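Colleague: I would like the atomic coordinates for the input below:
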Amino acid sequence: MLHAFVLIDAEPSRIAELAEELAETDGVAEVYSVAGESADIVAIVRVRNHEDLADVVTRRIACHEGIRSTRTLVAFKAHSRHDLEAMWDLGAG
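Modeller: The predicted structure follows:
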C-alpha cells in the first residue's frame, strides 16, 4: 500500500466545498482543511501503486474547480505506533 499526502492550495471561497468533494474521491482516504502557509487542504491518498497515485492526483484531485496547485509527498515508512497497532487490529475480533 502506497501512502501520499497531497498539499492543496485552493481558492478561499472553495475550501469547505473542495474538502467535502475530495473526501468522496476514490483513492482519497482522509481530507483535512488546515491553517498555515504550506496548504489549505491536505488529502491523504492510499493506493496500491505509483500509477494509481498518478491517476488520483492528476485526474481525480487536480481537476476540481478551485484548486490552484498541488504538491505530493510520498510516504516511505509509517512510524506511528498507534497506526501500526490499529492496522494489526483490523482483522482481530
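
Colleague: could you pull out the helices for the chain?
Modeller: 15-23, 50-55, 81-89 (DSSP state H).

Colleague: and those, which one is worst for confidence?
Modeller: Mean pLDDT is lowest for helix 81-89 among these, at a mean of 60.

Colleague: partner residues bridging V42?
Modeller: With DSSP bridges as the criterion, V42 is bridged to L7, Y32.

Colleague: contacting residues around it?
Modeller: Each residue near V42 by C-beta atoms under 8 Å, 6 or more residues apart in numbering is listed here: 5-8, 31-32, 34. For the C-beta atoms, the positions are set from N, CA and C on the backbone; glycine is no exception.

Colleague: redo that, cut-off 6 Å
Modeller: By C-beta atoms under 6 Å, 6 or more residues apart in numbering, the contact list for V42 reads 5, 7, 32, 34.

Colleague: State the distance from it to L22.
Modeller: 10 Å (C-beta to C-beta, to the nearest Å).

Colleague: Tell me, how many residues neighbour the closest residue in space to S38 that isn't next to it in sequence?
Modeller: Sequence neighbours aside, L7 is the residue nearest to S38 in space, at 5.9 Å (criterion: C-beta to C-beta, 6 or more residues apart in numbering). Residues near L7, counting by other C-beta atoms under 10 Å, number 16.

Colleague: Next one, pLDDT for L7 please.
Modeller: For L7, pLDDT reads 97.

Colleague: what does A4 give?
Modeller: Note for A4: predicted pLDDT of 97.

Colleague: can you pull the contacts of it?
Modeller: Each residue near A4 by C-beta under 6 Å, 6+ apart is listed here: 45, 53, 72, 74.

Colleague: Can you tell me which of these is nearest R59?
Modeller: L53 (11.0 Å; C-beta to C-beta).

Colleague: mind checking how far the closest residue to the closest one other than its chain neighbours is from E17?
Modeller: Nearest non-adjacent residue to L53, counting by C-beta to C-beta, 6+ apart: V47, 5.2 Å away. Distance, V47 to E17, by C-beta to C-beta: 24 Å.

Colleague: So between these two, which is more surrounded?
Modeller: Shown here are V47 and E17; by other C-beta under 10 Å, V47 has more neighbours (20 against 14).
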